[in-house]
Structures are given as C-alpha cells and as structure tokens.
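Enquirer: need a structure here:
(3 chains)
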Amino acid sequence: MSYVQMWKGRDFLNTNDFTQEEITQILDAADDLRNKYRSMVPTNYLPGRTIFLLFYNESLRTRNSFEAGMFQLGGHAHFVRANDLYTPSLPEDMVAYKTEAVSDVARVMSRFGQAIAIRIYGDAAKWIIGRGHKIMELFAKWSSIPVINMEDDVYHPTQALADMQAARTARPKLQGKKFVVSYAYSGGLKPLAVPQSEALITTQMGMDVVLAHPKGFELDDNIVKACKANAEKYGGSFEISYNMKEAFEGADFVYPKAWSPKQFMMPYGPKVDKDGANAYQNKYKDWIVNTELLEKSGKPYYMHCGPADRGQEVTDDVLDSYENSLYFDEAENRLHTEKAVMAMTMP
Amino acid sequence: MSYVQMWKGRDFLNTNDFTQEEITQILDAADDLRNKYRSMVPTNYLPGRTIFLLFYNESLRTRNSFEAGMFQLGGHAHFVRANDLYTPSLPEDMVAYKTEAVSDVARVMSRFGQAIAIRIYGDAAKWIIGRGHKIMELFAKWSSIPVINMEDDVYHPTQALADMQAARTARPKLQGKKFVVSYAYSGGLKPLAVPQSEALITTQMGMDVVLAHPKGFELDDNIVKACKANAEKYGGSFEISYNMKEAFEGADFVYPKAWSPKQFMMPYGPKVDKDGANAYQNKYKDWIVNTELLEKSGKPYYMHCGPADRGQEVTDDVLDSYENSLYFDEAENRLHTEKAVMAMTMP
Amino acid sequence: MSYVQMWKGRDFLNTNDFTQEEITQILDAADDLRNKYRSMVPTNYLPGRTIFLLFYNESLRTRNSFEAGMFQLGGHAHFVRANDLYTPSLPEDMVAYKTEAVSDVARVMSRFGQAIAIRIYGDAAKWIIGRGHKIMELFAKWSSIPVINMEDDVYHPTQALADMQAARTARPKLQGKKFVVSYAYSGGLKPLAVPQSEALITTQMGMDVVLAHPKGFELDDNIVKACKANAEKYGGSFEISYNMKEAFEGADFVYPKAWSPKQFMMPYGPKVDKDGANAYQNKYKDWIVNTELLEKSGKPYYMHCGPADRGQEVTDDVLDSYENSLYFDEAENRLHTEKAVMAMTMP
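Expert: All right, here's what the predicted structure looks like:
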C-alpha cells in the first residue's frame, strides 16, 4: 500500500505534531485497514518486524489492539511490563539493580526491533504531570526507531485517532460539527491525557469544540492555547463552558469523561494531594450522563475512550442500549488506527 | 481440513453441551492434528487469527498448550493475566479503576480477535462455586466470538477432551471399559472441575464409570444427575463407591485426583471455611496411589490432569516409572485437542 | 543454511562444554545472521517452532533478544515468569499447589515445543551458589528438547558468545589479544556468572587473559582451573591481578563488571550474609572505570554485559561517549548469537 512506511522512522507522541492533512492520511489508512480486517484480507505489510510494548500501567484496549494489530501486519509485539525488567527510569530516579537508564533501554531495544510503544501515567509517573511525557521524550531522543505514545500524563494520541475515525464514520464531514469534550464524575484519580488529546484533535479537524467542566478542572494552559491556535488555523472554534447540559445542546458528538483537578497534582499545586483531589471531585457527582440527557440534547453520538465507570461517568443504559453510542466502535478503531501508525512509521 | 471452522462461532464451555458424536469428531480432529504435529506437517488453518487467553489463575499446561497451539495453527495468542487489565468482574463486584464489566471486556475483545479463552476458579472466584462459571457464561453472552473454558469452578472441558484422546489411544474402543474417577488426598484447596468433567465425559463415551470418594466429597447433584442421564443415553453405567481399592479392581483406567469437600464452600455451605475443608481433607491421607495398588488392581492406566501432588495424591514411582501411566500423554493431548476446538470454532 | 540444526537436540548450558572450533562455528553463524538482520533478509529457519523462556529474574536484553530472535527465525517464544505457573522446583523445595517438580515441567514442555531457555540466579536460587545451575541441569536431564542457559548462578554462556562476537568484530584475530576481566564496584548483590563465563570463553579463544579483582572476590576454584586448562590447551595465558589500573595497561579489551564476594554466600561461607557482602563490597568504590583511565591504558575496547550501574561500575561518559565502547554492540549481539544457538540446536 502507498501509505506503508511513508514516514519511516517518525515518532508518534502527540497528534498536534502532525498537520491536519497528515492526520487525515492516517485516518484514510486506518479506513483501508478496517475494510481489510472486516473482510479478512491479509495485510502483511511489516513482515518480521518487532515492536516493544512497554507498560507502566494496566491496559485492555491498548495492549490488545497493539499486539493483535502488529500480528495482523505480519510482525510480533513483546508485551513488557515495567517490572519485567529493571524499570527504565530518569537519571534522578536511578536505584542500582532496580532501574536502568531510559537512554540505555532505548538504545538496546533499538538494536532488537523496529518500534517502542510506551504507556506511563498516574502513580507510575508520581502524579507529577509531565514526568511521564518526559520519559516518553527521552525514549524518543535516544532510540533510533520510532517511539509511539500509548498514553502518558499529557497526551493519549492513539485514542484521539481512533475517536476521529469513529466520528467521521458516523458523520463523514467533521468540519463545523459540534463536539463537546466534557468532564464526567468518577471516584478514581485520572490523568488529563484523554481530554487534552481530544480537545487538540477535534480543533485540528476544524470542529466547533466546547470544553465543559466544573471550575477547577481546567486543562493545561499550553494545551488550551494550542486548541485555540488549532481553531484559528483550521477554521473551527473552541469555547469553554461550566455547564454540561448547556454544552450538550445541539451537539453532534459528546465525550463525557473523568479527569482529576490538576491543582492537586504537581507541578500545578505544591504537592500531590490525592485526598484533596478526591474530595474536590466528589462535589461533582451530578456530572453523569444518562439516556434522558442525551435524548434531550438531540441524540448526539456518545463517545468515551473506555473503560467508562458505570454509575459514575455514565449510566448502564447508555453503554448497553443507547442507539448513538460509539463506545465499542472507538475501541475497535484503536486496532485500525494503531496499525496505520505502525505501518506508516516502522522501518 | 474438513473439520476446520465446521462449528464457526460456537462456544466450548462444557463437554456435555456437545453430543457423543460431536465429541468424537473433536477427538478425530485432535488425532489428525497430533499426527501432523509429530511429523511436523504445517497446519496453517487459522492464519492471522488472534485468541485472548485470560488467566485469573496460574497455569503450565493450559497456557502453554493454547499459546503453542494457536501459533501452530497460524495465529497468535495473547497471554493476559487478570491483573494486566482492569479485572473483568461481575456487576456486584465493580470497583472504579480496578475492574471493568465483563460485558464490556467481552465486547471489546470481540472487536480485536477471534476467540476468548478463560480460566477462573478458587480464590479468583471467591470459592463461591458457580461464580467462576457465571463469569464464563457472561463472557459467552456478550462476546460475538467463541468463548473457550480453560477451567472454571464447575468444569474443565479441555482437560476432559485430552484425557479421552489419551484413553482411546490406549484402548481404541472406550464403550464398556471401566473408568474410575477417584478422590486422592492433597493438602491444598482444589476445585471440583476436573472430577466433574471427567465423570461427564466418560459417561458420555459409554464407559462403565465408578466415582470413588470418601463421604463428604460428593460432586454437585446436577452433575451426578447428568452423569446418570449420560449413562442411560449412551449405554454405559455410573456408580458411586466409598472405597478406592475396591473401586480400582479390574479397572481399565483410574483417575485419582484431589478435590475439596464442597460443604465447606458456598453456596453448598453457609460460608467459605478453608480451615474446615483442610481439616476434613486431612483425615483421608490414605487415599494415595502407589505402584503396588495399581499392580494389585490389574495394572489399569493411571491418569491425572497434572500437576499431581507427589507424596500426597500419588507416589513418585507412579509418575516416574509406572509402565501404564498416561500422565504426560494427557498433557501433550491438551495441545492437540485445544487445537481441534480452536480450528473447529474460531471464525 | 548449513548450520541450521547441525547440533539438533544439544543443550547449551556452558560455553566450555563446546570446543573452540564449535564456538567459532556459532560465531560464524551469528555473523551470517547479523548480516541478514541488518539487510532485512528473511531467516525463516525454524518455522512453527516454539521456545519457552522461563524467567525467575528480571530481564531486558535476554528476554527481548530471545523473543525477537525466535520470531525472526519463524518461530514463537513464550515469555513465562516463574510465578505464572506453579514454580518449577527441586524435590526438597516442593510446596503443594505452589510448586511443580522440575522433572514434570521439563517433560510437559517437551511435549508442546522445541526448546526450553531458563534464567535463574540470586534470590530465586537462594544465593546458594550452584543451586540455580542444578535446576538448569535437572531441566536438561528430564527434557527431550534442548535446554538453553539464559544465565544461572554459575554461567552466563549466551552473554559470553555475544561478547566474543563483538570482540572479534573489533579485532578479527582474538588469539594473543589481551583481555581483562575486572571487578568494578556496585552496591547491589550480584552473581559470579558473567565474570566466570567471560574468563572461560576468552581463555578458550586463546587470548591473554587477566582476571583483576580485590582479594576476596575470587572466582570459583573449578572455574579458575578450567580457565588455566583452556589457556594451556588453546595457547593463551591466564593471570590474576589485584590492581585494576595495572591490569588495564596495554589491554585490547577490558570488561569491568561487579560481582559479589562468594564467601558471603553458601556453600562457600557458612550462611548467606547479604549485609556482610555489601559491607565488604563497599570498601572497593574506587574500582570504577572512567574515560581518563581508559585513555591512559591505551584506549582498550570497553565491554560490559549491561545493565551497567552508572556512577558505580562506570561513569556516564564512558557509556555515552567513549569512542571504543562496545556496550551496545554486545547487547545487539545477544540477538544474533542466540539465534545461532537456537538455529543450530532446536529440532
């Protein structure tokens, strides 16, 4: 296929490192791969290639879509947990015989295979936001093969791709459609990666984007600036709302998803205060989505990266019977979009 | 091969969901696959397919036979431990950011691959017997691809298949042969899945089956009923004995294996009482098999699913030098019978 | 290729079980495989084969090189941690429902696949030196397929092969070259496997070998004897020095690497005394290598199996910018030499 290895050697850390045209090329490749998967046409585009999937965190969709996807492309994925090896760490975190320098791990893996994919956020990155992404960038600096971000504490770019593939399958022309990235309640501590990557990619696709959340749940300032710049550049819009119901009105797509208030994490706040974050979150249990709200809002497509916290972010009926849910299509598209990224970047 | 995909999409949860003729078809396919494996004839019957092997418990034979078997069929197996992801759980056990609904996991996996195989029993199912099987059935309900039971707290159907392949290799006509499913002592807490599946499949094959155990080690009433119905339907017999030595006399096959008394588990008893189970078991340390007993009984074939507890269920000499032991053939046949089930059911 | 399956069924436990000529044949095969890997020529020499990688310890290089290597040869590797199954154990360590006899595990794996590779040392072998190697030998005794040593508490033969491939790539004729196997400081407790295998293989290649270490860091007497015999047989020399700087002078290759003093481990000492070992080691913090020392010694090639403890065994500048470092080439050669061993021995 024409897209295979078209960007040989390129990292995939953040969708905003790519132009709108390039993102569209990835989605086109993903559509091609989806058609072939569904009709069982072989896609042996990367025979003999190896990708390392390095996980500091749990995963259902990400691990299994990457591992199955690499196999469907003719290659093989190593599922590597951070504690299967001496944990790859920053210079300031080294402990003899417990850790190994990221710079060394990146260079060693570069000798055995053709890509390194990494997931790191939350406890694994100490809730010092940006630390996970710093490890990601350090891997990219030292490896001679592409590094793919499987979610860090700033971005979740492969999720954003899968979501855009689902969105444009539902509504082929995304330009000008209303997309709401909204907070939804959960009791757990969660990173900002998903809402940040969603806000970035939707503004990049020229959509009319509303970011809805209670006060205190602001995204990173630089992300907000980048979203505004995207809106400016690509002809969409970007607004912030503090009311979920108002924001949902007339939306084409809603993406209600929990994240935690960043002032309780470093470096935004003076320390990592999990109890404080939980107490603050617990004031917003009414930020839950149910079928009634969706029907009143004009039946927008419901979206969520998964796993959704049932009874907190969303009621069971939405996941199990709401007619315009894209929940499982988004999961499936992880497979196709990641295959596209691997096929385009791996040597 | 003619058997490949003949039951495309069908689950494999319990041998008794299949007819005697169907079980025989699986065993015939397994014989074909065994011949090909031994002469290294390629069996690329499921190219590009993915199976998820979800383990809540440890495994040597099951994991490695499924993983090697899927590869030998041209596909790829994901070895997934329950703690590699948010643990797939029943609605009543959900904990935000620790678990994910079985219904969701099943539907997501259905988008990436072609089968889901699951092992869950014991602590992972809280020793509330039937709970593991309930999770198995919930997976089957929600997934659109076949679900294969790799042992739950009621059945171990792939073990039963492997054992029948070994038995009929030793004695080609199983109808009318005497098969003893017997308790044997072990200090550990063990599920009833193996003896229950052995009693079911042997009666289904028309054998003369004796279930031998001390009082208190009764199998589930419904299983016993199903065994009697099998005996009736397929022309064999099913009897219960409380004496191992008497039961063994004149047997063609003996299957002495530990399980725990169910009245110390829920819902059979009022609570899960591990100490009580252990104390009760410890009265039956004389239910051990050695070569002398086997020789006196007429040298029946010795069978066990493995791992056998040496010095408790059986003496070392039986495993290491008894001439009629099928112990390692049973293990090997896990590979061939599981390949048969995968080849017949996976889309 | 002519080397494929030339030693079908043979174990690979210790380089010294092979002749100099045989080691050279492995290195030649590894060179061929390296050329093919670098030019992406397919090497489908073991189609459909399965190897079991059984790890009692963490690993980056070993696991990932074996897993990628097996795939590149057309086969599949199972990454198996000792706690994914009932831990394979010696008869004296059996615990019902926690362990399984090595003899049984070896025989079961022999039914499913074509090789078993094992890593066991340190805590996993209780620091009773030789215990890990005993488990290795027991696997070899009971399995009907080749057993490959991925590092035990006595030998690390695949590392030694990779190092020799790197050394002879740098200096094609090894005979008569000066090779220093030296202690270097680390705070962690470390096995003697690497220095022992390095001393063995370098004397076997006819090099002039100096073993440098502080008093108290002696290698096993039998290894020292074998090194002397190698020197005698293959025309090199073997000397012991207690001064790193002197030993380095005029060296072609230096291999400074930490290990722990064996008198604090059993059976060399009366008990396992980790604190004693640490306290003893801590007196030798000046056994560190930096660029200045290397330059003064005549710029020998720097070698280390990795991971090197930065700031303890070696300074950052050596790993990151010393021109004659073979550190990452040694890691890469793990891939090629292990592929050679697998291709030559697996049925």
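Enquirer: C-alpha only now, for contacts and for neighbours.
Expert: OK.
Enquirer: what comes up buried for the helix or strand harbouring residue A:292?
Expert: Using DSSP states H and E, residue A:292 falls within helix A:291-296. For helix A:291-296, burial by neighbour count (16 or more other Cα atoms under 10 Å in any protein chain shown) applies to A:291, A:294.
Enquirer: Let's see the pLDDT reported for residue A:26.
Expert: pLDDT, residue A:26: 98.
Enquirer: and if you look at residue A:45?
Expert: 98.
Enquirer: contacting residues around it?
Expert: Counting by Cα atoms under 8 Å, 6 or more residues apart in numbering or on different chains, residue A:45 touches A:1, A:4, A:73-74, A:343.
Enquirer: try 7 Å
Expert: Neighbour list for residue A:45: A:4, A:73-74, A:343 [criterion: Cα atoms under 7 Å, 6 or more residues apart in numbering or on different chains].
Enquirer: for these, which one is nearest chain C?
Expert: Distance to chain C, by Cα to the nearest Cα, is smallest for residue A:74 among the contacts of residue A:45, at 10.6 Å.
Enquirer: what about residue A:34, neighbour count?
Expert: Residue A:34: 20 surrounding residues under other Cα atoms under 10 Å in any protein chain shown.
Enquirer: what about the nearest residue to residue A:290 once chain neighbours are set aside, how many neighbours?
Expert: In space, and not counting its chain neighbours, residue A:290 is closest to residue A:315: 5.3 Å by Cα to Cα, 6 or more residues apart in numbering or on different chains. Neighbourhood size, residue A:315 [other Cα under 10 Å]: 16.
Enquirer: Please report how far residue A:315 lies from chain B.
Expert: Distance, residue A:315 to chain B, using Cα to the nearest Cα, to the nearest Å: 13 Å.
Enquirer: what's the answer for residue A:22, then?
Expert: Distance from residue A:22 to chain B, by Cα to the nearest Cα: 25 Å.
Enquirer: residues contacting residue A:194?
Expert: Residue A:194 sits next to A:155-156 when contact means Cα under 7 Å, 6+ apart.
Enquirer: And it, what's its pLDDT?
Expert: For residue A:194, pLDDT reads 98.
Enquirer: The residue of the stretch 101-250 of chain A with the smallest separation from chain B: which element?
Expert: Distance from chain B to each residue of the stretch 101-250 of chain A (Cα to the nearest Cα) is smallest for residue A:188, at 6.1 Å. Secondary structure assignment for residue A:188, by DSSP H and E: no helix or strand.
Enquirer: related to what we said a few turns ago, which of the contacts of residue A:45 lies at the shortest distance from residue C:67?
Expert: The shortest approach to residue C:67 among the contacts of residue A:45 belongs to residue A:74, at 15.3 Å (Cα to Cα).
Enquirer: picking up where we left off before, show residues contacting the helix or strand following the helix holding residue A:292.
Expert: Going down the chain from helix A:291-296, the next helix or strand is strand A:301-302, by DSSP H and E. Strand A:301-302 is contacted by residues A:252-255, A:324-326 when judged by Cα under 7 Å, 6+ apart.
Enquirer: Which of the residues you listed ranks first by neighbour count?
Expert: Ranking the contacts of strand A:301-302 using other Cα under 10 Å puts residue A:254 first, with 27 neighbours.
Enquirer: quick one on the thing from earlier: tell me the confidence at the residue nearest to residue A:290?
Expert: 97.
Enquirer: Which phi and psi values does residue A:179 adopt?
Expert: Main-chain torsions, residue A:179, degrees, to the nearest 10: phi -130, psi 120.
Enquirer: wait, what's in contact with the one residue in the stretch 201-347 of chain A that gets nearest to chain C?
Expert: Taking Cα to the nearest Cα, chain C has its nearest neighbour within the stretch 201-347 of chain A at residue A:347, 10.2 Å off. Neighbour list for residue A:347: A:5, A:8-9, A:114 [criterion: Cα under 7 Å, 6+ apart].
Enquirer: Please convert the residues you listed to TSV, extending it with pLDDT.
Expert: Below are the contacts of residue A:347 laid out as TSV (pLDDT from 0 to 100):
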residue	pLDDT
A:5	98
A:8	98
A:9	98
A:114	98
